[in-house]
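Peer 1: could you work out the structure for the sequence below:
(one chain, ligands or ions: 1)
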Amino acid sequence: MTEDGMTGGRRTPVRPPEERTPGEARSAADRDHARVLDAMRGRLTVSCQAYPGEPMRDPRTTAQVARSVVAGGAAAVRVQGPEDIAAVRAVVDVPVVGLWKDGADGVFITPTLRHALAVADAGAHVVALDGTRRPRPDGRTLAETVAGLRAAADVLIMADCGSLDDARAAQDAGVDLLGTTLGGYTGERPRTDGPDLELVDEMVAACSLPVVVEGRVHTPAQAAAAMARGAFSVCVGTAITHPTTLTSWFVSVIGSDQTVDRDDRVP
Ligand SMILES: CC(=O)N[C@H](C=O)[C@@H](O)[C@H](O)[C@H](O)COP(=O)(O)O
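Peer 2: Predicted structure coming up:
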């Protein structure tokens, strides 16, 4: 347990579950969940992820990036993969939103109950999973996945949604938080340049659960706009933690190495 009393997944129970009465276990989990939500409410979450094959794809690097963003004021971090989640949990005291990407098409964000249990077991306080209405690889519905996860782990559950219909269905399935994460990636919504603020408005108006605005938040002004529209938290990834993409934004207007006369380069 961290100093502020937060626990996550099945790694850090307040007391061994077998020693707790059902009532004690429930109220301890409720307290932990409230602390996690209080820490995130109205604040910035930073996604610390590298993609397969990239130089930064290493749990030690992810942990250092996570420490760096927490030093800058991030209230929570979002981390991909059980190894990275465990590495980050060991070095930060803020809530960890965990996910496990498997593949890159269709349902790939924590796509099955097995993936969700592994994310919880790695120590995530919040398990983020695909919250769309698409068929899932293991044949379970989102509601069945949520129920299976709740039966095994005291975690909060975030549904990464691609549309208002997804968000409504995810809320009915029993998740705790809704994310706009997949807006623009499932074919139901256009991929806006910045965050899909129209989707934010729709979800905030129609859903009672906290809405995390995530996806293409590239500037502080966009983050502020999302908060002003009722976001519970704003999650920024690429614009803070993905130097390859950030570099390409500058290169796209200045020109790449190929345009420089190599003899003029500083050794
Ligand atoms: C669609 C998808 O796979 N989103 C992923 C979810 O974890 C990540 O690749 C994003 O980086 C993350 O959502 C943060 O978004 P952005 O990097 O745009 O700030």
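Peer 1: for the ligand, give me its nearest residue in the protein.
Peer 2: G237 (2.9 Å; CB to the nearest ligand atom). Heads up, the C-betas are built off the backbone N, CA and C, glycines and all.
Peer 1: tell me the pLDDT at the residue nearest to that residue when sequence neighbours are not counted?
Peer 2: Computed as CB to CB, 6 or more residues apart in numbering, the closest residue to G237 that is not its neighbour in sequence is S47, at 3.3 Å. What the model reports as pLDDT for S47 is 99.
Peer 1: report the helix or strand with the lowest average pLDDT across the protein.
Peer 2: helix 22-40 (a mean of 87; mean pLDDT, DSSP states H and E).
Peer 1: partners of the next helix or strand after that one, with directions?
Peer 2: Next helix or strand after helix 22-40 toward the C-terminus (DSSP states H and E): strand 43-48. Its sheet considered, strand 43-48 pairs with strand 76-80 (parallel), strand 233-236 (parallel) by DSSP bridges.
Peer 1: can the helix or strand just after strand 43-48 be found next to the ligand?
Peer 2: Of the helices and strands lying after strand 43-48 in sequence (DSSP H and E), the nearest is helix 59-71. No. Helix 59-71 lies out of reach of the ligand by CB under 6 Å from any ligand atom, never closer than 12.4 Å.
Peer 1: what packs against helix 59-71?
Peer 2: In terms of contact count using 3 or more CB pairs under 8 Å, 6 or more residues apart in numbering; DSSP states H and E, helix 59-71 is assigned the packing partners strand 43-48, strand 76-80, helix 82-89, helix 238-241.
Peer 1: okay, these, which one's buried deepest?
Peer 2: strand 76-80 (a mean of 28; mean count of other CB atoms under 10 Å).
Peer 1: which parts of the stretch 51-200 of the chain sit against the ligand?
Peer 2: 99, 109, 181-182, 185.
Peer 1: just those residues: which are in helices?
Peer 2: Among those, DSSP state H puts none in helices.
Peer 1: which of these lies closest to G162?
Peer 2: Closest approach to G162 among those (CB to CB): L182, at 3.7 Å.
Peer 1: show the contacting residues for that closest one.
Peer 2: 109, 130-132, 160-162, 166, 215 (CB atoms under 8 Å, 6 or more residues apart in numbering).
Peer 1: redo those as TSV? Include pLDDT and secondary structure.
Peer 2: Conversion of the contacts of L182 to TSV gives the following (pLDDT from 0 to 100; DSSP: H, G, I helix; E, B strand; the rest coil):
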residue	pLDDT	secondary structure
I109	98	strand
D130	99	strand
G131	98	coil
T132	98	coil
D160	99	strand
C161	99	coil
G162	98	coil
D166	99	helix
G215	98	coil
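Peer 1: of those residues - the most surrounded one?
Peer 2: C161 (33 neighbours; other CB atoms under 10 Å).
Peer 1: run through who's touching stretch 212-220.
Peer 2: By CB under 8 Å, 6+ apart, stretch 212-220 touches 40, 45, 47, 78, 158, 160, 177-185, 191-196, 200, 223, 226-227, 229, 231-239.
Peer 1: so which residue is dead centre in this structure?
Peer 2: The centre of the chain sits closest to R78, judged by CA atoms, centre = their mean, with a distance of 4.2 Å.
Peer 1: residues contacting that residue?
Peer 2: Contacts for R78 (CB under 8 Å, 6+ apart) come out as 45-49, 96-99, 128, 214, 235, 237.
Peer 1: try D193
Peer 2: R216.
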